[in-house]
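*Asks:* Any chance you can model this:
(one chain, ligands or ions: 4)
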Amino acid sequence: MPQCTTEGESPTGRANPVDLHTHSAVSDGTLAPAELVREAHRRGLRVLGLTDHDTVAGLPEASAEAARLGLALIPGVELSTDLGPHEVHLLGYFVDGASPDLIAALATLARQRQERVERIVARLRAAGAPVDLDRVREIAGAGTIGRPHIARALIERGCVASVSEAFDRFLAVGRPGFVPRQKVPPEAAVTLIRRAAGVPVLAHPLTTGDVEGVLHRLRAVGLAGMEVYYGEYDDATRTRLRAVADRWGLIPTGGSDFHGPGFKHGRDLGGPPVPWETVTRLRAAATPSPSVAMPGPG
Ligand code: AMP
Ligand code: ZN
Ligand code: FE
Ligand code: FE
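*Replies:* Ligands and ions are numbered 1, 2, ... in the order given. Presented below is the predicted three-dimensional model:
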């Protein structure tokens, strides 16, 4: 059967010790939270941020496994928001997964996602690509459901050969299965992360359309950092973004955006060189001070 991944990088490549942007099967990654932590440990990582899309459901399992292996797990989340035609993703570090505000907001997002998937599946049927809603739900499991799970169902049905083909032909903006998400303004995500004791960070800033404009809006409501050492960015881009972060007084963060082995070029676990200073600064920015113990840089 065709795989929904592109050719991956060698998992034996040397990993950097800090990776602050990863996804597990609780959203659209392929490894269970504990498996992800074991993979990070196997590669020699010392600090791992788990940032599943719109859910904190994987954090207890990941934290328990990290504690067992002696790896520091930074509890995180990645929230999808919208600014005109662009998606703006916000990472929250050291979030309190028990925050009632956060739990309520994530429950609303989950309900909206379910409804959206139902509408997409109906559109696909009408377009001659009949995927089964129950099968999509099964593929998603208990966590955040979304288009990547529909893409996998389309592959199973033999409608497409890969996830990218599923997006290109059916799921992307302007394609027959596209249904827009309920729009959430980025300010709402920053505020929510703050209220859940988290440190808000702008993810992969170059997909936002207007980096300076977004920083201007979000700095005003408490944005504390932005991704610089992102998996898919080259050295020149990282250098340029580091200067932007410094100019705005933002913590330069980073991570691979790993979704499982062989997911996408550049997104290998431990790929980007995230400086140790990032972990220290994130921890210092969290209020109240996090209970997670952090290793020293040595
Ligand atoms: P959703 O949250 O349901 O809108 O799906 C968004 C997710 O789909 C993103 O987080 C990506 O992981 C994935 N995605 C978006 N566009 C593409 C694409 N062109 N090819 C493969 N995956 C994509
Ligand atoms: Zn994802
Ligand atoms: Fe993202
Ligand atoms: Fe991500």
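*Asks:* which stretches of the stretch 101-250 of the chain form strands?
*Replies:* With DSSP state E, counting those that start in this stretch as the criterion, the stretch 101-250 of the chain has strands at 199-202, 225-230.
*Asks:* residues near Leu106, how many?
*Replies:* Applying other Cβ atoms under 10 Å, we find 21 residues neighbouring Leu106. To be clear about C-beta, it is placed using only N, CA and C from the backbone, and glycine gets the same treatment.
*Asks:* before we move on, what about Arg242?
*Replies:* 16.
*Asks:* any idea how far it is from Tyr233?
*Replies:* Noted for Arg242: a distance of 10 Å to Tyr233, by Cβ to Cβ, to the nearest Å.
*Asks:* Can you name the residues bridging to the residue of the stretch 1-150 of the chain found nearest ligand 3?
*Replies:* Relative to ligand 3, the nearest point of the stretch 1-150 of the chain is His89 (3.7 Å; Cβ to the ion). His89 has these beta-bridge partners by DSSP bridges: Ser80.
*Asks:* likewise Ile74?
*Replies:* Bridge pairing for Ile74 - DSSP bridges - gives Gly49.
*Asks:* change the start of the numbering to 4 and stick with it
*Replies:* In the new numbering, first residue 4, that becomes Ile77.
*Asks:* Touching, it and Tyr96? I think so.
*Replies:* Yes. The pair Ile77 and Tyr96 qualifies as a contact (Cβ atoms under 8 Å) at a distance of 5.5 Å.
*Asks:* Between the two, which contacts overlap?
*Replies:* Taking Cβ atoms under 8 Å, 6 or more residues apart in numbering as the contact rule, the neighbours common to Ile77 and Tyr96 are Leu23, Gly52, Leu285.
*Asks:* Among those residues, the buried ones, what's the ChimeraX command?
*Replies:* A single ChimeraX command is used to select the members of the shared contacts of Ile77 and Tyr96 judged buried by 16 or more other Cβ atoms under 10 Å:
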select :23,52,285
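*Asks:* need the shared contacts of Ile77 and Tyr96 in CSV with pLDDT, can you?
*Replies:* Output for the shared contacts of Ile77 and Tyr96, formatted as CSV (pLDDT from 0 to 100):
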residue, pLDDT
Leu23, 98
Gly52, 98
Leu285, 98
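*Asks:* ok, Arg116 - contacts?
*Replies:* Asp57, Thr147, Ile148, Gly149, Arg184.
*Asks:* mind checking how far the residue in the chain that ligand 4 sits nearest to is from Val139?
*Replies:* Closest to ligand 4 within the chain is Asp260: 4.4 Å, counting by Cβ to the ion. Here Asp260 is placed at a distance of 23 Å from Val139 (Cβ to Cβ).
*Asks:* Looking only at neighbour counts, state which of these two leads.
*Replies:* In this view Asp260 and Val139 are compared by other Cβ under 10 Å, and Asp260 has more residues nearby, 27 against 24.
*Asks:* The more buried one contacts His268, doesn't it?
*Replies:* No. Taking contacts as Cβ under 8 Å, Asp260 lies outside contact range of His268: 11.5 Å.
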